[in-house]
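S.K.: I need the structure of the sequence given here:
(one chain, ligands or ions: 2)
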Amino acid sequence: MKSICLITALTVSDFIDPDLTAGANSNTGAQLGVLTLAALLRQQGYDPHIVNLDDLFFEFVRLDTTRPSINREGVAPLQPSESFYSFVVRHLPAQSFDVVGLSSICGSYPLTLRLAQEIRRTNPQAKIVLGGPQASVVDVATLNAFLCVDVVVRGEADDTFPSLLELFESEAAWQTMPGITFRRDDEVIRNPNAPVVENLDRLPLPAFDLDLRLKDRGGVHLEIGRGCPFACTFCSTNDFFRRNFRLKSPSRMIADIASLKNEYGLGYFSLVHDMYTIDRKKVVAFCDAVVESGEKFTWGCSARTDCIDDELLELMAQAGCTGIFFGIETGSQRLQHVINKKLDLSEAVQRIACADRNGIKTTVALIAGFPEETRDDLRDTIHFFIDSLRFDHAEPQCSLLAPLAATPVYDQHKDHLVFDKIFSDMSHQSWCEDAVEIEMIKAHPDIFPNFYAIPTEQLERGYVKEVIDFVTYLATWFRWLPVAVLQDSGDLLMVFDAWKQWRVERKSTGSEEDTGWTPYYSHRRFQHEFLEFVESCYLPEMANAPAAIAAMARAESAPVRHQRQRVVEETDQLDEGTVPYVIDSLFVVDLKVDYKELVASLRNKSDLAEVSACDATVIFSDAGDDLNVWQLSPLAGVLLHLCDGQRTVADITHALSSLETGLTEIPFDKICLFGLGQLLDDGFIALSSSPLTWEDPTPAAQFSLPPKSSNTQQPWPAIEGESWPTPKP
Ligand code: B12
Ligand code: SF4
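M.R.: Numbers count the residues shown, from 1 in each chain. Ligands and ions are numbered 1, 2, ... in the order given. Below is the predicted model of the structure:
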C-alpha cells in the first residue's frame, strides 16, 4: 500500500498583528477538499497523512515575537524573522512518502509550488500530484514551468485521484484516464475532462477527525452541493464545476449535521454551495426536514437575490439560517449586464431587507474595478455598500477585481494584464509575498494571473483601491455617520475627493503612513481624522442638513474620547454617601436633535433637515456585536450627567435642587433616589463606596479589521470567548 501525504492549500489572511490575524481567520474551517479525499482514500485502505498549512500558519504567527501587537501603539511592523515558507519547510514530515498531493488555491499558489519544488529536492522519488481550484485551471502552464510536478488532477477528484493511485505505475493507464494533465518526456498531455460526481450522496463524510482544531471552531464548513448554472464573467466556479448544479439530499445533509453535532459539539454549519437556493423545492424540503427533526443548530449559505423570495427567507430563518452570502457584485445596474450577473438591484435591496427583518445576517459582497467601470458605476457601487448599512444585519464588503484564471473576464483581457502591486482581496488578503514569490509571479502571469490587474479604462486602480478602503473602514469605525453623509450629500465619491483634498491641505496624505500590509484606513487615526474632516470641512462647506450631521458626528465620536480605565470600590448600597458612576461600556452624549428620529430618517431615507431639534441625552452601549441606544428623558439625562464618579448621592441631590427642573412638589432627595434607582435598574450606572480614581489610559486597539474575514463566505457567528476587536461604537 502506498504512503500518501496530503498538503492543504493555505487559505488564511495575514494582518501582521497576531490578534487581528487570529480574529480574521476565525472561520478558516476544515479543508473540505483534502478531508474528502482522505475519507475516500481510507475507503480504499490507505492511511493518508495530512499537513494543514493553515494550522502551521497560526503556530508561526504565535511564535513570531517580532510581530507588533494591537496594544503596542506606534510599534512599526517588522518583517518576520523567518519566512513562513522556511517555517513550513522545517515542519514538513521527515518521512518520505510515495505520493505527495498538494491542494491549491489562487492566493497561495506560489507557496504551493515552492513547496512542491522543495519536496522534489528532498524526496526525489515521491510522485507529486496537484489538485484543487487553481492547479485545475492552470494545469498545462504549471506542468510546463514546474518540472517538479508530475501530474495535475483537474476539477472534482473524488473518483480520479483514487483511480490514479491504483494505476500509478502504469503510464499506459494514464493515457486514457480522464481528468488528468501530466508530462510524458517533454510533452504535457491534457486528457479530456472526467465526468462530475452526479450523486453527491455517495461521497463519504470528510475525514473530520483529521482536523485537529475542529472542536475549537464552534462551527464547520459542510459541502452540500456543487455547481452554479449562471455564468458571471469574473467567477471561477463555472469552469470548475462545469455549471452542473447538484445538491445532496435533505436527509443526507441532516444526518451529516447531526453526526458532527454529536461527535464534536458543533452548533454552526456553513453549508458550502456556490448558489444553494436555485432549486427552491429542495431548500424547502431541507428546511421542513430540519424543523421536523427537532435538531437545534444554526447555518448559513450562499444565494442570489433573484433566486430567493421573502417566503423562503422566512422559512429558512425558522429552520435556523442565520447568515447568507449575497454576491451583489456591483451597485451599477449598467454593469450588472456587462458582467452577466443581471440582478435587479431594487429587488436585491428588498431581499436584503427581508433577511434583515428575519434576523438573518447578510454579507453584501461587491466588487469594484471592472475594466469597463466608470466613475458613475463606482459611485453606484459605494452607494449600494453604504446604503446597506441601513440594515442592522447587513455586512457590506467590497473587493478590487482580480482576474481569476479561466474566467471570461480573464480570457478577454489576459494579454493586457499589468503587475501594479495593487493586490486584490479577491485573490488574497493582506498577504506579503516574499521576494522569491514575487519573482515567480512576475515570470508566470499565466499561472498567477490573480496577482495581476486588468487595466481600468476610465479609472485609476490606485484610486479605486483607496475608495474601497475608505468605505470599508468608514463602515468599520462608524455606524450611522457614513449613511448620514451619503444621504446628506447624495454623492459619496464627491465627499471622498473633498476628504482627499482636505488631507493634502493638512499635509496628512496617505501612503507614507501605510504600514505595509495594513492600510492607513484600518488605523484608528483615520477614525479621528474623518471626524475632524466632518467638523472642519464637511459641515461648514458641504452639509445640507448640518444639525443632523453634527449630531451624528458627535454621537459617533463618543467612543473615541472614552478610553480611560477607572478604579472602583463597588457597593450595592444606595445611600447619601454612595458615589454613582456611568458604567464603562456606555457612552453618553448630548445632542441637539432627536436621535431616534434621526436614525429613523436614515433608515427610511426621509429629509434629514426635517429631524426635530431638541436637547437629547443619548446612551450608547456596544456590548458584543449589538449596538444598543437609549434616548433619555430630560430629567434622567441631567441626573446621569451628575453621576460623574466624584459626586456622592448627597452632592447630586444638592446639584439637582439648584437646577431648573420644574419639579417643586416632591422633595429632591426622593426624586434623586428614585431616579438613580431607575438608572441603576436600567443598568446605566453602578455604585462605588468612594470617589473613583483613574488609571493610566490603556492604549486602545490601533488597527481594526473590517467586519469580514473573507469575501467568499456568509457571516460566521462569533465564537464564545474569542476576542474580536470590533471598534464599532
Ligand atoms: C470554503 C471556502 C473558503 C474557506 C476555506 C476554508 C478552508 N480551510 O478550506 C475560506 C473562507 C477561508 C476561503 C478563503 C478564500 N477563498 Co475560498 N472558497 C471556499 C469555497 C466556498 C468552498 C471550498 C470547499 O471546501 N469546497 C468543497 C471541496 C470538496 O471542494 P474542493 O476544495 O474544490 O476539493 C475538490 C477538488 O478541488 C479536488 N482537490 C482539492 N484539493 C486537492 C488536492 C489534491 C492532491 C487532489 C488530487 C485534488 C484536490 O478534490 C476535491 C474533491 O473533489 C470555494 C468555492 C467552492 N464551491 O468550492 C471557494 C474558493 C475555493 N475560494 C476562492 C478564493 C479566491 C478564496 C480566497 C483566495 C479569496 C477570498 N478573499 O475569499 C480566500 C483565501 C485566501 C485569503 N485569505 O486570501 C476561489 C478559488 C479560485 C481559485 N482559482 O483558486 C473559490 C473557488 C471561490 C470562487 N468561485 O472564486 N474560501
Ligand atoms: S458569481 Fe455566483 S451566480 Fe455568478 S456564476 Fe459565480 S456562483 Fe454563480
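S.K.: ranges for the helices of the stretch 101-250 of the chain?
M.R.: Assigned by DSSP state H, counting those that start in this stretch, the stretch 101-250 of the chain shows helices spanning 109-122, 133-137, 139-145, 160-166, 171-176, 237-241, 250-264.
S.K.: Per-residue pLDDT of the closest residue to A116 other than its chain neighbours, please?
M.R.: Excluding the flanking residues, the one nearest A116 by CB to CB, 6 or more residues apart in numbering is C148, at 4.8 Å. (C-beta placed from N, C-alpha, C; glycine too.) For C148, the model assigns a pLDDT of 97.
S.K.: for Q79, same thing?
M.R.: On pLDDT, Q79 comes in at 55.
S.K.: Could you shift the numbering so residue one becomes 250, and keep it that way?
M.R.: Noted, 250 is the first residue going forward, which turns the last one into Q328.
S.K.: Any idea which of the helices of the stretch 350-499 of the chain has the lowest pLDDT on average?
M.R.: With a mean of 86, helix 486-490 has the lowest mean pLDDT of those.
S.K.: Tell me the helices and strands packed up against that one.
M.R.: Contact partners of helix 486-490 among helices and strands, from 3 or more CB pairs under 8 Å, 6 or more residues apart in numbering; DSSP states H and E: helix 382-386.
S.K.: Can you pull out the residues in contact with the helix it packs on?
M.R.: 258, 351, 353-355, 358, 361, 391, 401-404, 485, 488-489, 654-655 (CB atoms under 8 Å, 6 or more residues apart in numbering).
S.K.: ditto for stretch 543-553
M.R.: Residues from elsewhere that reach stretch 543-553, judged by CB under 8 Å, 6+ apart: 473, 479, 503, 506-507, 510, 515-520, 522-527, 568-576, 592, 610, 962-966.
S.K.: With only the CA atoms kept, save that stretch in PDB.
M.R.: The C-alpha trace of stretch 543-553 is given here as PDB (Å, rounded to 0.1, in the frame of the first residue of the first chain):
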ATOM      1  CA  GLY A 543     -36.100  19.000  16.100                       C
ATOM      2  CA  GLU A 544     -32.300  19.200  15.700                       C
ATOM      3  CA  LYS A 545     -31.200  22.600  17.000                       C
ATOM      4  CA  PHE A 546     -28.300  24.200  15.100                       C
ATOM      5  CA  THR A 547     -27.700  27.300  13.000                       C
ATOM      6  CA  TRP A 548     -26.500  27.500   9.400                       C
ATOM      7  CA  GLY A 549     -25.500  29.800   6.600                       C
ATOM      8  CA  CYS A 550     -25.400  29.600   2.800                       C
ATOM      9  CA  SER A 551     -24.800  31.500  -0.400                       C
ATOM     10  CA  ALA A 552     -27.700  32.700  -2.600                       C
ATOM     11  CA  ARG A 553     -28.500  35.100  -5.400                       C
END
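S.K.: Contacting ligand 2 as well, which ones from the contacts of stretch 543-553?
M.R.: Filtering the contacts of stretch 543-553 for neighbours of ligand 2 using CB under 6 Å from any ligand atom leaves F479, D523, M524, G576.
S.K.: For ligand 1, state which of those residues is nearest.
M.R.: Within these, proximity to ligand 1 (CB to the nearest ligand atom) peaks at D523, which comes in at 4.6 Å.
S.K.: Any of the ones next to ligand 2 among the contacts of stretch 543-553 buried? List them.
M.R.: For those, a burial check counting by 16 or more other CB atoms under 10 Å picks out F479, D523, M524, G576.
S.K.: now R529: how far from R624?
M.R.: R529 sits 38 Å away from R624, going by CB to CB, to the nearest Å.
S.K.: that older thread, can I get the ones next to ligand 2 among the contacts of stretch 543-553 in TSV including distance to E367?
M.R.: Below are these laid out as TSV (distance: CB to CB, whole Å):
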residue	distance to E367
F479	39
D523	33
M524	38
G576	37
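S.K.: Out of those residues, which sit inside strands?
M.R.: Judged by DSSP state E, strands contain the following of these: G576.
S.K.: What segments of the stretch 400-549 of the chain are strands?
M.R.: Using DSSP state E, counting those that start in this stretch, the strands of the stretch 400-549 of the chain run over 400-402, 429-433, 436-439, 468-472, 474-475, 495-496, 517-521, 547-552.
S.K.: Repeat that for the stretch 250-399 of the chain.
M.R.: Secondary structure of the stretch 250-399 of the chain by DSSP E, counting those that start in this stretch: the strands cover 253-256, 298-300, 348-351, 376-379.
S.K.: Quickly run through the sheet partners of the third one, with directions.
M.R.: According to DSSP bridges, strand 348-351 has the following sheet partners: strand 253-256 (parallel), strand 376-379 (parallel).
S.K.: out of these, nearest to K919?
M.R.: strand 253-256 (73.3 Å; CB to CB).
S.K.: and the closest one, what's its mean pLDDT?
M.R.: The predicted model gives strand 253-256 an average pLDDT of 97.
S.K.: for stretch 429-444, same thing?
M.R.: Across stretch 429-444, pLDDT averages out at 95.
S.K.: Other residues contacting that stretch?
M.R.: Stretch 429-444 is contacted from outside by 388-389, 392-393, 396, 398-405, 408-409, 413, 420, 423-428, 491, using CB under 8 Å, 6+ apart.
S.K.: Wasn't E644 part of a strand?
M.R.: Yes - assessed with DSSP: H, G, I helix; E, B strand; the rest coil, E644 lies in a strand.
S.K.: The residue nearest to A365 contacts I377, doesn't it?
M.R.: Yes - taking contacts as CB atoms under 8 Å, C397 lies within contact range of I377: 5.9 Å.
S.K.: tell me, what's touching those two both at once?
M.R.: With contacts taken as CB under 8 Å, 6+ apart, C397 and I377 have A365, I368, R369 as neighbours in common.
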